[in-house]
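>>> here's my sequence, what's the structure:
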Amino acid sequence: MSHKHKNTSHHGKRPGGMERHGLHNKTSQESSPRGTVNPKLEFVLKCDSAGSVEAVSSSILAIARPEIDIDIIHSGIGYINASDILMAETGSRLIAGFQVGVLPGVERELKEHGVEARLYDVIYTLTEDIKSISESIIPVETQYDVLGTARIIALFKSSRKGIIIGCEVMSGHLSLGNDFRVISAMGPVYEGKMDSIHIEKNAVQTVRPGQKAGIKIKDFNKVKIGDFVESYRKPLIKKVPAWSPGGRILRIV
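As a prediction, the model looks like this:
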């Protein structure tokens, strides 16, 4: 993860006693190990003092992860105001306030613009909450446990939209009820469950390497001899729902 700040690296007074604070780091493209663009969490930071801005910014650096960029797109001192909402709209519509409040009338504007203001009194609570939010928007890369593979050696018409694929098992096993997918030269083209497996006319539960069997596909017929069948087990993944701004004020304790 890179930590970036889109403001300038010097401090300069703004109207109303606000200040700009900037930290620069690598771009999203540079931070990704494979050259892909990482998901981003871009938020506005408001604190009670310049020292707090520095402390919070440093703490955000400490929760760096390579899978996501957490960016403070604007920071300042004082109460959360309407201009902060407009700035937050250019990012992830999130304002983090450390030991500050919200100006009168701002709650209505937060709702209108769909921006969420989260208020904290402890730096650790702020960083842990930002960490939790960022982790919730990281895409899950599903890893499948491959149970068996087979090569398609014959095709038999089953219905107008279905087909029976004749397979020779190469490794592992194919079992009734397993998830499976058909893989062509271009990648996976079909996913389903093994509802029936036959060796000749006999229904069987499992087939193993060296055995030949027929598997019925009811709603797909774009299969070719030479394609492969892969049986797999999906891992159990528990992931919290991705954070979404609620257009409100939350005090996080």
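>>> what residues does the helix or strand harbouring A88 touch?
In the assignment (DSSP states H and E), A88 maps to helix 82-89. Residues lying outside helix 82-89 but in contact with it, judged by Cβ atoms under 8 Å, 6 or more residues apart in numbering, are 43-44, 46, 73-74, 76, 94-95, 103, 105-106, 109-110, 113, 115. (C-beta placed from N, C-alpha, C; glycine too.)
>>> cool, and stretch 211-218?
Counting by Cβ under 8 Å, 6+ apart, 150, 153, 156, 158-159, 161-169, 174, 180, 182, 190, 192, 194-199, 204, 207, 223, 229 sit against stretch 211-218.
>>> again with stretch 123-138
In this structure, residues lying in contact with stretch 123-138 by Cβ under 8 Å, 6+ apart are 1, 39, 41, 43, 52, 55-56, 59-60, 62-63, 65, 67-68, 70, 94, 96, 98, 118, 120, 239-243, 252-253.
>>> now it: buried residues?
Of the residues in stretch 123-138, those scored as buried under the neighbour-count criterion (16 or more other Cβ atoms under 10 Å) are I123, L126, T127, D129, I130, K131, I133, S134, E135, I138.
>>> and stretch 96-103, by the same measure?
For stretch 96-103, a neighbour-count test (16+ other Cβ under 10 Å) marks A96, G97, F98, Q99, V100, G101, V102 as buried.
>>> of the contacts of stretch 211-218, which belong to strands?
By the criterion of DSSP state E, membership of the contacts of stretch 211-218 in strands covers 150, 153, 156, 163-169, 174, 180, 182, 190, 192, 197-199, 207, 229.
>>> drop anything exposed from these.
Among the ones in strands among the contacts of stretch 211-218, those classed as buried by 16+ other Cβ under 10 Å are 150, 163-169, 174, 180, 182, 190, 197, 207, 229.
>>> low-scoring stretches of this protein, by residue?
1-36, 142, 160, 236-239 (pLDDT under 70).
>>> for it, which segments count as helices?
Counting by DSSP state H, residue ranges of the helices within the chain are 28-31, 50-61, 82-89, 106-113, 123-136.
>>> in JSON lines: those helices, plus distance to I215.
Listed next are these as JSON lines, based on distance: least, Cβ to Cβ, whole Å:
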{"stretch": "helix 28-31", "distance to I215": "44"}
{"stretch": "helix 50-61", "distance to I215": "52"}
{"stretch": "helix 82-89", "distance to I215": "52"}
{"stretch": "helix 106-113", "distance to I215": "53"}
{"stretch": "helix 123-136", "distance to I215": "38"}
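>>> please name whichever of these is nearest to K234.
Nearest of the helices of the chain to K234, taken as Cβ to Cβ: helix 123-136 at 20.8 Å.
>>> gap between that closest one and the chain center?
A distance of 16 Å separates the centroid of the chain from that of helix 123-136, by Cα atoms, centre = their mean, to the nearest Å.
>>> that helix vs helix 50-61, what angle?
Angle between the axes of helix 123-136 and helix 50-61 is 40 degrees (criterion: axes from the mean of the first three to the mean of the last three Cα atoms, to 10 degrees).
>>> CA atoms of helix 123-136 as CSV?
What follows is helix 123-136, C-alpha atoms only, in CSV (Å, rounded to 0.1, in the frame of the first residue of the first chain):
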residue,chain,number,x,y,z
ILE,A,123,-5.5,7.8,17.4
TYR,A,124,-5.4,4.0,17.7
THR,A,125,-9.2,3.8,17.3
LEU,A,126,-9.0,5.9,14.2
THR,A,127,-6.2,3.9,12.5
GLU,A,128,-7.9,0.6,13.4
ASP,A,129,-11.2,1.8,12.0
ILE,A,130,-9.5,3.0,8.8
LYS,A,131,-7.7,-0.3,8.5
SER,A,132,-11.0,-2.2,8.9
ILE,A,133,-12.7,-0.1,6.3
SER,A,134,-9.8,-0.5,3.8
GLU,A,135,-9.7,-4.3,4.3
SER,A,136,-13.4,-4.5,3.6
